[in-house]
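S.K.: coords below, sequence missing:
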């Protein structure tokens, strides 16, 4: 998939653990892990909003489009 999730990078920059962010935004650690590892098929805007609010970042800091010309 040409969408890359850089959530682990932002967590490291903010010195925050996944379980801490999951608790703050109200989702399970398992669901955050699915998102963080790029296995999610969709992201709710409310979830993205909460992530950006708690990490003090922009959606573009977390989501990256990479053109995959092989497909």
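M.R.: Perfect, thanks for sending it. Keep in mind that what you see is a predicted model, and the values were worked out from it rather than measured.
S.K.: and residue 42, that's in a strand?
M.R.: No: under the criterion used here (DSSP: H, G, I helix; E, B strand; the rest coil), residue 42 is coil, not part of a strand.
S.K.: so where do the helices sit in the protein?
M.R.: Per DSSP state H, the chain carries helices over the ranges 7-13, 18-25, 29-36, 45-55, 59-62.
S.K.: confidence score at residue 68?
M.R.: Residue-level confidence at residue 68 comes out at 77, pLDDT.
S.K.: should've said residue 71
M.R.: Among the per-residue scores, residue 71 holds a pLDDT of 54.
S.K.: got it, and residue 27?
M.R.: Note for residue 27: predicted pLDDT of 96.
S.K.: circling back to that earlier point, let's have the helices of the chain in TSV, adding distance to residue 68 and mean neighbour count.
M.R.: Quick note: C-beta positions are derived from backbone N, CA and C, even for glycine. Formatted as TSV, the helices of the chain follow (distance: least, C-beta to C-beta, whole Å; neighbours: other C-beta atoms under 10 Å):
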stretch	distance to residue 68	mean neighbour count
helix 7-13	20	16
helix 18-25	27	16
helix 29-36	20	16
helix 45-55	22	15
helix 59-62	19	15
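S.K.: between those helices, which one is closest to residue 69.
M.R.: Shortest distance between residue 69 and the helices of the chain, using C-beta to C-beta, is found for helix 59-62: 21.7 Å.
S.K.: pull the distance from the closest one to the chain's centre.
M.R.: Taking C-alpha atoms, centre = their mean, to the nearest Å, the mean C-alpha location of helix 59-62 is offset from the chain mean by 8 Å.
S.K.: show me what the lowest-mean-pLDDT helix or strand in the chain pairs with in its sheet, parallel or antiparallel.
M.R.: The least trusted helix or strand in the chain, going by mean pLDDT, DSSP states H and E, turns out to be strand 3-5, with a mean of 92. According to DSSP bridges, strand 3-5 forms sheet pairs with strand 63-65 (antiparallel).
S.K.: low-confidence regions, the protein specifically.
M.R.: Per-residue confidence of the chain (counting by pLDDT under 70) places the weak regions at 1, 70-71.
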